[in-house]
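dropping a prediction and its sequence here:
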Amino acid sequence: MRFKIYSKLLLFSVVIIAIIFSGCTGSQDITPVVKALPEVQQFMKEHPNAKITVTYWSKEEVAKSAQEISQQCDKSIIPVAMYKATISEEDLKIVTWIDAENRAVICSTTEGKQTATPTLTATATAIATPVRSDYLIPTTNLPAGFTYMGIHETPVEIGSFSINATEGVYRNNGEDFYILVIKNDDPEALITQYKARYKNARYDPFKEISFNGHKATQVTDYSTINGKQTQNFAVIWATEKTMIIVSSPTAALQKVIALATATPTPTATPAKFRVGPSVTLRPVIDVIEANQDVIVELFMNNPSLNDVTLNVDVRISVPSGIHVYGQSLGQAAGAGVVAGTFSVPPGTSRTIIVVVKADKSARIGSHNLQFTGLYYPGDNKDAFQPLSLTYSVTVKEPSKNPESPELSTPTATPAGVAAEIKGFAFNPTTITISKGTTVTWTNRDSAPHTITSISGAFDSGSLSQGQTYSHTFNEAGTFEYSCTIHPSIPHGKVIVTPTPVREHAFYRSDVDNILGFYRVVDMSTTKPAPYDINTKTLTINTGDSVRWVSDSTDYTITIMSENGLWESAPLRWNGQEFTYTFIQPGTYGVYIKEFPTIQHQKIIVATPTATSAGYGY
């Protein structure tokens, strides 16, 4: 149940083992153990030249200085044999007292403006500042038999990701207890993730209970200790932006609940709406052709300064002959209105992908789509704010499938494949077709370009903006081409196979620093992708592409290949993306460089068609 949160207990065990084998007065052997303490590691990180001194204090020596040690630790000290570890650099130091008998850290304190490490005496006047605490972790007025042992920071696994928490450690009759306090804007979502680990349990692990005004969940789990299966318990609940877990690996349920009742009830503060959201329309494709739809993203960011979720009602006014499809939206065709609703929690963003098509009745030329509606904080509809955005699309020819939400894509048949030169780049960079297929390039840039084969097999000559060039490939092979006017443009490539090939799929994988690879959408069909959200496994075919889109507003994300095939540029803002096309079959692991402990993504690629590994952009 506890996974990584027992790491501190293991560390305490190492401390006592080191004490036993080092002898009562030996300090050298315990130094590595002291260095392993989190508070010491943090101090050493900030002060790399700090020196560590460890001394043994007998019970009698501690008794003589009990008043001063209690003052230093900011709590009453019972005289027992202790180790005192002093880590100092110039006028700064951290002092850690370790119980030599029961492996517990008594306290860790920092001191400043000291020129030396003083020896405590009856006249000592140094007052230390205690380490950071959390008011939700009780240190006094505990249930009978409980002793507070200390507090520290620790990572906790919740679902598929790790999150930092503050942990209080307690003992009762030789048994260990823990109170974990996890700060989060959406603690209910954390509880859902926590419970998800029990989805395959063959028993009912949850029971709803209440105490101190909390609605809580009692969790029953099983572990094996010394070869014997043992039942253990936890109590979990959510308060104001906090998830709390009270647990013990061995104790009875009644003791766990008794400790849970000692936690204070936080005073709820009203959720505040302080800053308006960012609402923009981000173009992906803005021209409708037979094999190309308009794609535009409605993006909304709810700043983390807000404490409340924004609820959004949006409407898109559709001109005659235009068809609109989108996530969280209905659909509209011909002089209608498409409407939908969605919500954006604080500190997050939401991107709604809108696909626009045209039927034969649509006027050739420019059309305006009107995005209107409103948003409001939480349930307070009286505090609504209006939305009003306009997006222009150009119809060059009717879509081949205006009545279908599936994207219109170039078909790899003898009828032809469409490509383009846009933004001084060939798009797509690599085209895979069957023998006899015609490829037509369109220059979208204002500057002239050429489509010139490196081998001399074809040459378009200079193409002005809007001009096209077509070439039919009647021989199998690989044909590389360039722009002779702008030789710095990366070369394009046409791979011609002797037999017909299928249309390649395009997947969008949304990723952030909390949930990781939490969603994949098949952009080729706008249908759900073959993605197992629990194992984070996507199954695709060779030639398919995956575009990772950052949904993080506060952290940089870098998409990494476990196989060493790529490292994306840092995705520093929400909506920034990286795309990779998988040409070689196999299994590919993907992870976030900055958050390597978040569950990795697995991509299984089938149907071999080429020898190169792929390409990213």
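Received the coordinates, thanks.

what residues does stretch 562-569 touch?
Stretch 562-569 is contacted by residues 548, 558-561, 578, 580, 588-591, 593, 600, 613-614, 616 when judged by CB atoms under 8 Å, 6 or more residues apart in numbering. (Glycine included, C-beta is placed from N, CA and C.)

out of the residues you listed, who's nearest F342?
Taking CB to CB as the measure, F342 lies nearest W548 of the contacts of stretch 562-569, at 21.7 Å.

partners of the closest one in the sheet?
S509, F578 (DSSP bridges).

just give me the neighbour total for it.
Using other CB atoms under 10 Å, W548 has 25 other residues around it.

what of Q218?
For Q218, using other CB under 10 Å, the count is 17.

so, low pLDDT: which residues of the stretch 451-600 of the chain?
Within the stretch 451-600 of the chain, the segments meeting pLDDT under 70 span 498-503, 524-528, 553.

rerun that using 50 as the cut-off
Across the stretch 451-600 of the chain, the ranges flagged by pLDDT under 50 are 501.

ok, the chain next?
Checking the chain against pLDDT under 50 turns up 1-28, 113-133, 332-333, 410-415, 501, 608-617.

helices of that one, start to end?
7-22, 31-35, 38-46, 59-64, 66-73, 187-196, 253-260 (DSSP state H).

and the residue nearest to the spatial centre of the chain, what does it touch?
Centroid-nearest residue in the chain, with CA atoms, centre = their mean: N513, separated by 2.4 Å. Contacts for N513 (CB under 8 Å, 6+ apart) come out as 552, 554-555, 557, 592, 594-595, 598.

switch the cut-off to 7 Å
552, 555, 557, 595 (CB atoms under 7 Å, 6 or more residues apart in numbering).

what's the closest non-adjacent residue to it?
Y555 (4.3 Å; CB to CB, 6 or more residues apart in numbering).

quick check: phi and psi on the one you found?
phi -130, psi 150 (degrees, to the nearest 10).

state the distance from it to V511.
11 Å (CB to CB, to the nearest Å).

neighbour count winner among these two?
V511 (25 against 14).

shouldn't that one be in contact with S550?
Yes - between V511 and S550 there is a contact at 6.4 Å, judged by CB atoms under 7 Å.

identify the contacts common to the two.
I557.

contacts for stretch 443-450 next, please.
Against stretch 443-450 from outside (CB under 7 Å, 6+ apart): 420-422, 424, 459-467, 483-486.

from start to finish, how long is it in a straight line?
Across its full length, stretch 443-450 reaches 9 Å between end residues, using CA to CA, to the nearest Å.

also stretch 546-555?
21 Å.

pull out the buried positions in that stretch.
546-553 (16 or more other CB atoms under 10 Å).

can you redo these as CSV with distance to S453?
Listed next are the buried residues of stretch 546-555 as CSV, based on distance: CB to CB, whole Å:
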residue, distance to S453
V546, 30
R547, 29
W548, 33
V549, 35
S550, 37
D551, 41
S552, 43
T553, 45
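
spatially, which two of the residues you listed are the most separated?
It's V546 and T553 that sit farthest apart of the buried residues of stretch 546-555, by CB to CB, at 22.2 Å.

what's around E208, how many residues?
Neighbour tally, E208, other CB under 10 Å: 8.

who does I433 form a beta bridge with?
V496.

filter the contacts of stretch 562-569 down to just the ones in strands.
548, 559-561, 578, 580, 588-591, 614, 616 (DSSP state E).

got a quick PyMOL command for the buried subset of the residues you listed?
For the buried members of these, the matching PyMOL selection, counting by 16+ other CB under 10 Å, is:
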select buried, resi 548+559+560+561+578+580+588+590+591+614+616
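
any idea how far the nearest residue to P249 once chain neighbours are set aside is from T109?
Closest residue to P249 apart from its sequence neighbours, by CB to CB, 6+ apart: N232 at 5.3 Å. Applying CB to CB, the value for N232 to T109 is 33 Å.

before we move on, what about K272?
K272 is 36 Å from T109, by CB to CB.

do D293 as well
64 Å.

next one: Q601
Counting by CB to CB, the gap from Q601 to T109 is 44 Å.

of the two, which one has the most company?
Taking other CB under 10 Å, Q601 and T109 do not tie; Q601 has more neighbours (24 against 19).

partner residues bridging the more buried one?
V590.

that one contacts L515, correct?
No - using CB under 7 Å as the test, Q601 is too far from L515 to be in contact (11.8 Å).

quick one, strands of the stretch 251-400 of the chain?
278-285, 287-288, 294-302, 310-317, 322-326, 331-333, 337-344, 348-358, 365-377, 385-395 (DSSP state E, counting those that start in this stretch).

just name the most buried of those strands.
Most buried of these, by mean neighbour count (mean count of other CB atoms under 10 Å): strand 322-326, with a mean of 24.

what's the burial count for D382?
Residues near D382, counting by other CB under 10 Å, number 6.

who's in contact with the residue nearest to P249?
1, 221, 223, 248-250.

for the stretch 1-150 of the chain, which segments count as strands?
Counting by DSSP E, counting those that start in this stretch, the strands of the stretch 1-150 of the chain are 51-57, 82-89, 92-99, 105-112, 129-130, 147-158.

as TSV, those strands with distance to F473 would be great.
Formatted as TSV, the strands of the stretch 1-150 of the chain follow (distance: least, CB to CB, whole Å):
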stretch	distance to F473
strand 51-57	71
strand 82-89	70
strand 92-99	71
strand 105-112	72
strand 129-130	75
strand 147-158	52
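
hmm, back to that, how about JSON lines for the strands of the stretch 251-400 of the chain, with distance to R572 added?
Shown next, in JSON lines, are the strands of the stretch 251-400 of the chain (distance: least, CB to CB, whole Å):
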{"stretch": "strand 278-285", "distance to R572": "16"}
{"stretch": "strand 287-288", "distance to R572": "29"}
{"stretch": "strand 294-302", "distance to R572": "14"}
{"stretch": "strand 310-317", "distance to R572": "24"}
{"stretch": "strand 322-326", "distance to R572": "27"}
{"stretch": "strand 331-333", "distance to R572": "35"}
{"stretch": "strand 337-344", "distance to R572": "20"}
{"stretch": "strand 348-358", "distance to R572": "14"}
{"stretch": "strand 365-377", "distance to R572": "26"}
{"stretch": "strand 385-395", "distance to R572": "25"}
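
do I have it right that I98 meets Y83?
Yes - with contact defined as CB under 7 Å, I98 counts as touching Y83 (4.4 Å).

who's more crowded, the two?
I98 (28 against 24).

what about stretch 337-352, how long is it end to end?
16 Å.

and for stretch 559-570?
End to end - CA to CA - stretch 559-570 spans 8 Å.

span of stretch 537-554 from start to end?
Stretch 537-554 end-to-end distance (CA to CA) = 26 Å.

try stretch 338-353
Stretch 338-353 has its terminal residues 13 Å apart, counting by CA to CA.

for stretch 463-474, same thing?
23 Å.

ok, back up a step: which two of the contacts of N513 have the greatest separation?
Top of the distance list for the contacts of N513 (CB to CB): S552 and F595, 9.5 Å.
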